[in-house]
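[1] give me the fold of what follows.
(chains A and B)
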Amino acid sequence: MIPFKGLLTSGLLCLMSAPVFAAVQVFELSNGLKLYVKEDHRAPVVVSQVWYRAGSMDEFNGTTGVAHVLEHMMFKGTHDVPTGQFSKLIAAAGGRENAFTARDYTAYFQQLQKDRLELAFRLEADRMHNLNLSADDFAKEIKVVMEERRLRTDDKPEARVYEQLMASAFDASPYRRPVIGWMNDLEQMNVNDARDWYRRWYAPNNATLVVVGDVRADEVKTLAERYFGPIAAQPLPTRKPQQEPAQAGIRRVSIKAPAKLPYLVMAYHVPVLRDVQTDWEPYALQVLAAVLDGGDAARLTRNLVRAQRVANEAGAGYDAVARGPGLFLLDGTPAEGKTAANLETALRAQLVLLQREGVSADELQRVKAQVVAADVFQRDSGFFQAMQIGEYATVGLPVAELDARVQKLQAVTAEQVRDVARKYLVDDQLTVATLDPQPLDKQAPRTAVPGMRHAEPEGMR
Amino acid sequence: MRYWMLLLTLFVSGGANAALPIQHWVLANGAKVYFVESHDLPMLDVSVDFPAGTAAEPASQGGVANLTRSLLGLGAGGLDENQIARALGDVGAVLGGRFDADRAGVTLRTLSSPAERGVALALLARMLQQPTFPDAVLAREKSRVIAALKQAELQPENLAVRAFQQAVYGSHPYGRRDSGEVASVARLTSTDLRAFYRNHYAAQGAVIALIGDISRADAERIAQQLTAALPAGSQAAEKTIPPVPALVQAVTRIIPFPAKQSQVLIGQPGVTRADPDYFALYVGNYVLGGGGFDSRLINEIRQKRGLAYSAYSYFAPMQSGGVFQMGLQTRVDQTQQAVQVVRDTLTTFVENGVSEAELSQAKNNLIGGFPLRIDSNKKILEYLAVIGFYDLPLNYLETFQARVEAVTAAQIQAAFKRHVHPDRLVTVIVGGGQ
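    Numbers count the residues shown, from 1 in each chain, chains lettered A, B, ... in the order given. Prediction:
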């Protein structure tokens, strides 16, 4: 899962999304599975990813987290490939594999030597329709998922702030729920919830296969037809839009947790890409994020960290590619002697400055130079290229238009950046979440891990 | 994510490609150069490393190495930090860094077109050779470092790492925290940074790695440009890092913390890169806790008992020793059980070694997965830098697969018996006390 998607990435990283994708070839099997292949012959390797258009936004209250739980269960075996064998077979082939769940999707990947793609296809096709979901496996795995929630969220104050931010910024949108699920929902979940989820969403007509690497597209297509072709399409449930009603007034939430420093996140409702031909605001928002946080020359580091010394860290982020509604995020940690309120004031002042005076030609030029360079740099990673294709396809954007993004970003004007700042970065659209740091209780017992006292003699070496 | 990729890729120079031609030469000033010419993409990656990590610090100046490295890009050759950042941004170049107990370095990624590359490299040359260490910048960066150090005091994962490092290394220089301590950082002055820079950023000892769309002649010019005006260095300051002493007995540290999970770290001093047992330990560790779902720790802790999301082991080889570390996080009331399972798993492993089936699975993965280790310029740059810094043979990558293949079950068992002592483990537990 990617709980911080868009939050901690800088504006520049958000812009790093525009390679020359002219070489992407697209096929659709008769069962509705879409296949995207990008040949990249720089190294004798291949990455294969299967994307399901089923993420936490497709869940219902009471079973939050089931998309991610099913992701774990997908490694538990089929009739032909018993529990644990999936990972064993990929490892024996020298492969790396994993999976990730997000609000918009669940995806599985393997990275292999180029001539071992067939193994990945055979195993992925098998578990697309033959998964065994046993109560025994589920009982063990749900404990692992609860540990994962404790690890990633419960014991991480900044993650809890983000969880509360999302729960507060959205009323109706399913984006308000955490990808990993609420703990009580995990505690109450059973294997039938996972079965329901699998039956509902795991079908070739709800999946996208992305392959990038040292392969030939026609051969990949033949392989895909052989392994995925025989899987029957199935009717998919209706997806309700669950549109977020307009926010009308600032929202605030705070979290207490053991920590030394406060932490602040501000989120504004903004649009995302829907029509890549006509939409311009999402591109202007990407440039805006980069003006604020595209490297050390950008405004947040230059002004808040360096000049004013009001922040130890400050960042901005915006993800234009999403099935649900968008957020423009600002976050930061106040400097010594400064409060979260001081930092919020300083961040807002930066926005006012943008809204009043816009951006300079110099800044805009720098952002565009970074866009062009990042477009080259990202081609160093086949995995990253596959991620971009998979996200675009799963969200429903035309993958063929990925290469138009650099030109679209290049076309953004200073006025457009100022205009989106004026239109969207306003108080009525704002949610502020803060970490209220708490000291440790000095009365805590010295040794309270059950049974661990005197487990070993204390010793020095 | 289903699990963290806690494999050894970060710690071991591995991966080989017989077709990866590394060009290597040494400049008259002593700097070593490692270059791979690659014209697939119009870009260039460069790194320059120095033996200027925490282990090189004067004992009373904890944090000076880290701050010296950070300030290189924050004022140099008549440019202030904002001028440097703007100039890099204008050509789309990205500056980065490396820092640990052994090494301090700077990385640069730039377009290879002469105009952009020229600007970016000229800036890098200034940072390395004319850093100014401005007082105002130092004051600010000190306060940021101190804030992070204070923050770490209430982060259970950082408390665990710190306690583990102290217990494993004691007063050895590897026991120092990367960013120093609050008191030592507070004392540092720009004079300290300048002295550290003059003593440790010499061409003799510098390792330059380059990969990208340039010619050999370009690479030679760049290597000169980046090192011609480096300081002379100081023989006196160049102390050899002493070997890490073995533990004489088990050490257990329990630190209460109000969190849902306990942080558990278990381990002891490890081995250097040069140790003849290194490959046997590396392959063996795949079976113990390095090989994800192929590993015994994941099977015992996660698959059989659902005690944790991740459980791992690794050897981190350093210049003069290193660490062997196992770790997991688990719900507080399961801590004792999890610690016992880890210890039992290790004891059984050291006692009985690996099966032929486990060994063959490990080799298949490490050998078959080897093209993935060098499938990008970024990864190759890291290998060039490690090969250079640790004086590994130029054919290190080429021979990696053969060295893995040559490891036997008997060698693994003997190597673990020599180096890993289950009766003398450091155990750190942060958690409980709510």
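[2] if I pick whichever residue of the stretch 201-350 of chain B sits closest to chain A, what's in contact with it?
    For the stretch 201-350 of chain B and chain A, the shortest gap (Cβ to the nearest Cβ) falls at residue B:306, measuring 3.3 Å. Yep, even glycine has a C-beta here, placed from its N, CA and C like the rest. By Cβ atoms under 8 Å, 6 or more residues apart in numbering or on different chains, residue B:306 lies in contact with A:139, A:140, A:141, A:142, A:143, A:144, A:147.
[3] tell me how far the fourth one lies from residue A:186.
    Using Cβ to Cβ, to the nearest Å, we find residue A:142 at a distance of 6 Å from residue A:186.
[4] okay, and the common contacts of those two?
    In contact with both residue A:142 and residue A:186: residue A:69, using Cβ under 8 Å, 6+ apart.
[5] let me see the confidence value for residue B:49.
    Note on residue B:49: pLDDT of 98.
[6] looks to me like residue A:436 is in a strand.
    Yes. Counting by DSSP: H, G, I helix; E, B strand; the rest coil, residue A:436 is found in a strand.
[7] that one contacts residue A:256, correct?
    Yes. Here residue A:436 reaches residue A:256: they are 4.8 Å apart, a contact under Cβ atoms under 8 Å.
[8] quick one: contacts for the closest residue to chain B within the stretch 101-250 of chain A?
    Nearest residue of the stretch 101-250 of chain A to chain B (Cβ to the nearest Cβ) works out as residue A:143 at 3.3 Å. Neighbouring residues of residue A:143 by Cβ under 8 Å, 6+ apart: B:306, B:307.
[9] about what we covered before: select only the buried ones of the contacts of residue B:306 in PyMOL?
    Buried residues among the contacts of residue B:306 (16 or more other Cβ atoms under 10 Å in any protein chain shown), as a PyMOL selection:
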select buried, chain A and resi 140+141+142+143+144+147
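[10] the host helix or strand of residue B:164 and chain A in contact?
    Per DSSP states H and E: residue B:164 is located in helix B:156-169. Yes. Against chain A, helix B:156-169 shows contacts by Cβ under 8 Å from any Cβ of the partner chain at B:156, B:167.
[11] just the CA trace of stretch B:422-431, in PDB.
    What follows is stretch B:422-431, C-alpha atoms only, in PDB (Å, rounded to 0.1, in the frame of the first residue of the first chain):
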ATOM      1  CA  PRO B 422      24.000 -17.300  19.900                       C
ATOM      2  CA  ASP B 423      25.200 -17.200  23.500                       C
ATOM      3  CA  ARG B 424      26.600 -13.700  23.100                       C
ATOM      4  CA  LEU B 425      23.900 -11.800  21.500                       C
ATOM      5  CA  VAL B 426      22.800  -8.200  22.000                       C
ATOM      6  CA  THR B 427      19.100  -8.000  22.500                       C
ATOM      7  CA  VAL B 428      17.300  -4.700  22.400                       C
ATOM      8  CA  ILE B 429      13.600  -4.300  23.100                       C
ATOM      9  CA  VAL B 430      11.900  -1.000  23.000                       C
ATOM     10  CA  GLY B 431       8.300  -1.200  24.100                       C
END
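[12] quick one: that stretch near chain A?
    Yes. Stretch B:422-431 comes into contact with chain A (Cβ under 8 Å from any Cβ), by way of B:427, B:429, B:431.
[13] CSV for those, including secondary structure, pLDDT and neighbour count?
    Compiled in CSV, those are given as follows (DSSP: H, G, I helix; E, B strand; the rest coil; pLDDT from 0 to 100; neighbours: other Cβ atoms under 10 Å in any protein chain shown):
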residue, secondary structure, pLDDT, neighbour count
B:427, strand, 98, 22
B:429, strand, 98, 27
B:431, coil, 94, 29
